[in-house]
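Student: need coordinates for the below:
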Amino acid sequence: MSDTPSLEDRLKAMIVERLFLKIEPSEIGVDDVLMDTLGVDSVQIFEIVVGLEEEFGVVFSEEEFDIELFKSVHSIADAVRKKQAQ
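Tutor: Numbering: from 1, shown residues only. I've put the predicted structure just below:
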């Protein structure tokens with residue numbers, strides 16, 4: 001088994017770091033609705049988008065931006081995988 005963290009684990013760590021959350025990344029469930037469980041707001045969504053651009057090299061245009069993409073770690077991971085495959 002590989003020691004390389006999964007995309008989901010890397011996303012959780014990035015979210016905790018960028019949003020200055022006082023929890024462990026492992027406390028975030030991949031299907032948790034981030035706005036409900038962590039109180040993520042629109043400004044923090046933007047911070048997550050910046051983190052995705054910096055850490056994963058993906059860019060979301062205004063036309064592509066959909067709040068549903070940033071609903072959970074799972075949905076963010078799906079969006080990142082799609083972007084990286086393009």
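Student: where does this structure have low pLDDT?
Tutor: 1-2 (pLDDT under 70).
Student: going along the chain, name the helices of it.
Tutor: 7-18, 34-37, 42-56, 73-85 (DSSP state H).
Student: quick check: which of these is nearest to residue 24?
Tutor: helix 7-18 (7.3 Å; Cβ to Cβ). For glycine as for every other residue, the C-beta is placed from the backbone atoms N, C-alpha and C.
Student: what is the orientation angle of the closest one with helix 73-85?
Tutor: For the pair helix 7-18 and helix 73-85, the angle between their directions (axes from the mean of the first three to the mean of the last three Cα atoms, to 10 degrees) equals 110 degrees.
Student: list the helices and strands helix 7-18 packs on?
Tutor: If you count contacts as 3 or more Cβ pairs under 8 Å, 6 or more residues apart in numbering; DSSP states H and E, helix 7-18 packs onto helix 42-56, helix 73-85.
Student: circling back to that earlier point, how about the helices of the chain in a markdown table, adding mean neighbour count and distance to residue 25?
Tutor: Supplementary listing: these in a markdown table, determined by neighbours: other Cβ atoms under 10 Å; distance: least, Cβ to Cβ, whole Å:
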| stretch | mean neighbour count | distance to residue 25 |
| --- | --- | --- |
| helix 7-18 | 18 | 4 |
| helix 34-37 | 15 | 13 |
| helix 42-56 | 15 | 13 |
| helix 73-85 | 16 | 9 |
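Student: perfect, that will be all.
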